[in-house]
Structure formats: structure tokens, C-alpha cells
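S.K.: My questions are about this predicted structure, shown below with the sequence.
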Amino acid sequence: MASDKVKTFTDDNFDQETKQGLVLVDFWAEWCGPCRRLAPTVDALASEFDGRATVAKLNVDENPNIPGRYAVRGIPTLLLFKQGELAETIVGLRGKDDIAKLIERHLGD
Amino acid sequence: MADRKVVIIGSGPAGLTAALYTARANLTPLLVEGLEAGGQLMLTTMVENWPGFRDGIMGPDLMTEMRAQAERFGTEIVQGNVTRVDLKQRPFMVTFEDGKHVTTETLIIATGASARWLEIGSDRKLAGHGVSTCATCDGYFFRGKPIAVVGGGDSAMEEAIYLTRFASKVSVIHRRESLRASKIMQDKAFANPKIEFIWDSEIAEVQATDKGEVSGIIVRNLKTGHLSDLPLDGVFIAIGHTPNTSLFTGQIELDENGYIRTRTGSRTSVPGVFAAGDVQDHIYRQAITAAGSGCMAALDAERYLEGLHLAADNTDAALHVG
């Protein structure tokens, strides 16, 4: 079960939702095994950064435009946006602490 | 006093079978999943050579079942990674990402192997932007586009065939002039009209657009040295695996390829430490052999613990007599 702290982004609401603050977006799909592995990590990050950063998922199957814009051709991919600008790209599986450190670094700036 | 009798690192067929057997022996094993939880089968689609499923079973489904079966008998499964093991002290110490640690009387290593990349640099840089080691994850992004698969083994053929569902054309690039893959996989690949073969060749470079998306490769013919351009959108690498043994370097005997050396079953150079699955096997590398060796490791660990406690009982008895 996805945590209710994780938002769902689409091609339509993406720009609006990433405009402000620090936003981590998980690009995923149902058929992607590693994406399923990463899901609990994303849930945990959403709880950990609740109120400080937004954590969201974007289904690449249902939303082809945004992945295309950011040249995402592999999943899972995590993109971190800061005030609407792409700040970090993480391709493939990564431990929760690694990702948390990356977010912290941008929160500290 | 150790926290645990058995700790297992790894959650592929080897680790989960070791967990199933040690759990059923009432040893309440602790299994640490690792980053690539479920192992390589999580990246496959239909598995047709796992006995007992005449119509095949999806790799991720098989792993879900194995996991549930191991848990049913009392395996405790924790997510996350092990960052350090100390095999020089007894009981052994296993440290996790968050700094917490457990001590254990026996350790079963089932950390498997991870996909190898080319050694040209440009491939790793473009991971997620057209270069991939996981056809089932990323094939979707190449609908109607030409791609390449590098490798000549069963996995490479499986990926090539799978990718023809999406790609307009799949060029298999192989260093030799014949495939290493099994006859049945070769026949399937040769019969597929979307697959072409580029023999005696390797990728010299992966090229990308300004946006950072793969746009083509430079292919080097190993016999003639001739370089040629091949425009395409994606490159899938299936050139084998490297064992995940970095945690154990310097503490346990490895072979010249970095695999854990086992003898008389699953025993490693450290008594009480056992190894199973792809981390100690670069010959068979099948789900079923991994599961079989996981069972062996469990039985070996069980026997080792019996010996340990028998010795302890004898010492106690001797002390009482004394």
C-alpha cells in the first residue's frame, strides 16, 4: 500500500505541483519489478520529509509526456526538483539513506 | 550469547530457500533482503524451467511465493542493506545501513550477482537515458524504435526476443561468431524476423544527443578493426554478472573471479559461514541450482550449529565433573 503522504502526479498537474519547494518524483510502472522494490523506500521518504519536501509518483504508462521531457528512458528513476528546476537525477535502485542525504543537502541550501 | 543462530544475506532463490529450511528447523532465521530484493528473477518475465510449473511462472510471482513460504515458517525478513560484516569475531557481527547490528552464530551468504556494464564509461553515464541492463523494466520506452542487445548467452537472447515486442528492430552485438546461448534460445532468436546479428563485434562508444538521450553506437569489428555507426535509441547490456562479494573481501576466500570459494557443500573458508547461489557459482547460475545450494547451506548450517552446541554441552559437562 502506498502511503497517503505520497502524491500522485500526472502529465496534467506536473508543472503546477513541482513549481515550488523541493519535490521528489518517482517515475514508475506496474510491470517494473525494481520499481516495486523501491516503493517502500519512497513511502518511507514521504513520511520522513513530511512538511519539508513533497514526495510523489508518476506512472510512466499513463503519463508519457513528462518522462519524454526529462529523457527518462529507464525506471525506476527519481528526479528531484527545486523551485521547478531539475536538481538531481537518480537512476535505478538506491538505499533510503542515500536518497535522504541528497534531499537534506538541497534543503540545507 | 549471539542474538541469532542464523542470519541470511540475500533474498533470491538461494537466500529464501536457506530461510525456508532453517525456519523449518526452528532456527528462526533473520533474512536481510538487500537493495535488489528478490534477486535477478524480479527482472525476468516468464520462467519456463522452474520444475513444477508446466506452463511457466512469472519470475516476480515465483519470488513472492518463495518469500511468503519462508515467512510462513517463521523467517524474519528485514528490508535494506548490510553495510558491514565482521567475520573475525565470534559470534559474527552484521551491521545495517542505519548503523544497527546483530550478532549471529552462523551466516549464510546469498548476495548473488549483479549485471555487468561495458567497460567504456559512456554506457554507465547514459543509464536510464537509453542504456539499460533490464529489458523488462525499460523495453516499454522503445516502442517502434531500433535498439541493440549486447551479449551472446541465454539472457541476451531472452532479452532480444522480449524486446521485439516493442522495438522496430533488435541488433544483437556479440564478440564471437557463434552464440553461447542454449540451442532452444538460439533457434527462437534466429527465427525472429526483427532480430539481426552483428558478429565478431563490440560497442566502442555509445553516442547521445545534446539532451542526453542515446542516439547511436559505434561498433568495432574485432576481426578487421573496422568502425561503423549504427543509429539507434536504446542499448541493452546482457554480458553477464559480477558477484556481490565486496562486503567479504579480505575476510573470506574468493576465487580469481571474485566468487566465494566453497568446498564440501556450501562451506566457506570461515567455519560457520556458508555461501549459496550465484555468489559462489559462475557455472550453472540457474534459479533451481541457486535454490538447491540454498538448501545445502541451510543443512550445513544446521549441522554446524548442532556440533557447536554439542561441544558447548560437553564443555559444561566437563566443568561439572571437574
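M.R.: In hand now; what should we look at?
S.K.: From the chain's centroid, how far away is the helix or strand harbouring B:Ala311?
M.R.: Assigned by DSSP states H and E, B:Ala311 falls within helix B:287-321. In terms of CA atoms, centre = their mean, to the nearest Å, the centre of helix B:287-321 is found 27 Å from the chain centre.
S.K.: touching chain A at all, that helix?
M.R.: No: applying CB under 8 Å from any CB of the partner chain, one finds helix B:287-321 separated from chain A by no less than 14.4 Å. Yep, even glycine has a C-beta here, placed from its N, CA and C like the rest.
S.K.: Now chain A against chain B: closest residue?
M.R.: Closest to chain B within chain A is A:Val91: 3.2 Å, counting by CB to the nearest CB.
S.K.: Tell me who's in contact with the most centrally placed residue in chain A.
M.R.: Centroid-nearest residue in chain A: A:Val25, 1.7 Å away (criterion: CA atoms, centre = their mean). Neighbour list for A:Val25: A:Phe9, A:Phe14, A:Thr18, A:Ala56, A:Lys57, A:Leu58, A:Leu78, A:Leu79, A:Leu80, A:Phe81 [criterion: CB atoms under 8 Å, 6 or more residues apart in numbering or on different chains].
S.K.: ok, how many other residues are close to the residue of chain A closest to chain B?
M.R.: A:Val91 is flanked by 21 other residues according to other CB atoms under 10 Å in any protein chain shown.
S.K.: same check, this time on B:Thr289
M.R.: 17.
S.K.: about what we covered before: in a strand, the residue nearest to the centre of chain A, correct?
M.R.: Yes: assessed by DSSP: H, G, I helix; E, B strand; the rest coil, A:Val25 belongs to a strand.
S.K.: Leaving out chain neighbours, which residue sits closest to the residue of the stretch 151-300 of chain B found nearest chain A?
M.R.: For the stretch 151-300 of chain B, the residue closest to chain A is B:Glu213, as judged by CB to the nearest CB, at 4.7 Å. Nearest residue to B:Glu213, sequence neighbours excluded (CB to CB, 6 or more residues apart in numbering or on different chains): A:Ala71, at 4.7 Å.
S.K.: all strands of the stretch 101-250 of chain B, in order?
M.R.: With DSSP state E, counting those that start in this stretch as the definition, the stretch 101-250 of chain B shows strands at residue ranges B:101-109, B:113-115, B:131-132, B:146-150, B:169-173, B:195-198, B:201-208, B:214-221, B:227-231, B:234-237, B:241-243.
S.K.: so of these, which one's packed in deepest?
M.R.: Comparing the strands of the stretch 101-250 of chain B by mean neighbour count (mean count of other CB atoms under 10 Å in any protein chain shown), strand B:131-132 comes out on top with a mean of 30.
S.K.: Could you give the average pLDDT over that strand?
M.R.: Averaged over strand B:131-132, pLDDT sits at 94.
S.K.: what does stretch B:259-269 give?
M.R.: On average, stretch B:259-269 scores 96.
S.K.: likewise stretch B:74-86?
M.R.: Mean pLDDT, stretch B:74-86: 94.
S.K.: one step back: now the strands of the stretch 101-250 of chain B in JSON lines, with distance to A:Trp31?
M.R.: Converted to JSON lines, these look like this (distance: least, CB to CB, whole Å):
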{"stretch": "strand B:101-109", "distance to A:Trp31": "31"}
{"stretch": "strand B:113-115", "distance to A:Trp31": "18"}
{"stretch": "strand B:131-132", "distance to A:Trp31": "14"}
{"stretch": "strand B:146-150", "distance to A:Trp31": "18"}
{"stretch": "strand B:169-173", "distance to A:Trp31": "19"}
{"stretch": "strand B:195-198", "distance to A:Trp31": "22"}
{"stretch": "strand B:201-208", "distance to A:Trp31": "25"}
{"stretch": "strand B:214-221", "distance to A:Trp31": "22"}
{"stretch": "strand B:227-231", "distance to A:Trp31": "28"}
{"stretch": "strand B:234-237", "distance to A:Trp31": "16"}
{"stretch": "strand B:241-243", "distance to A:Trp31": "22"}
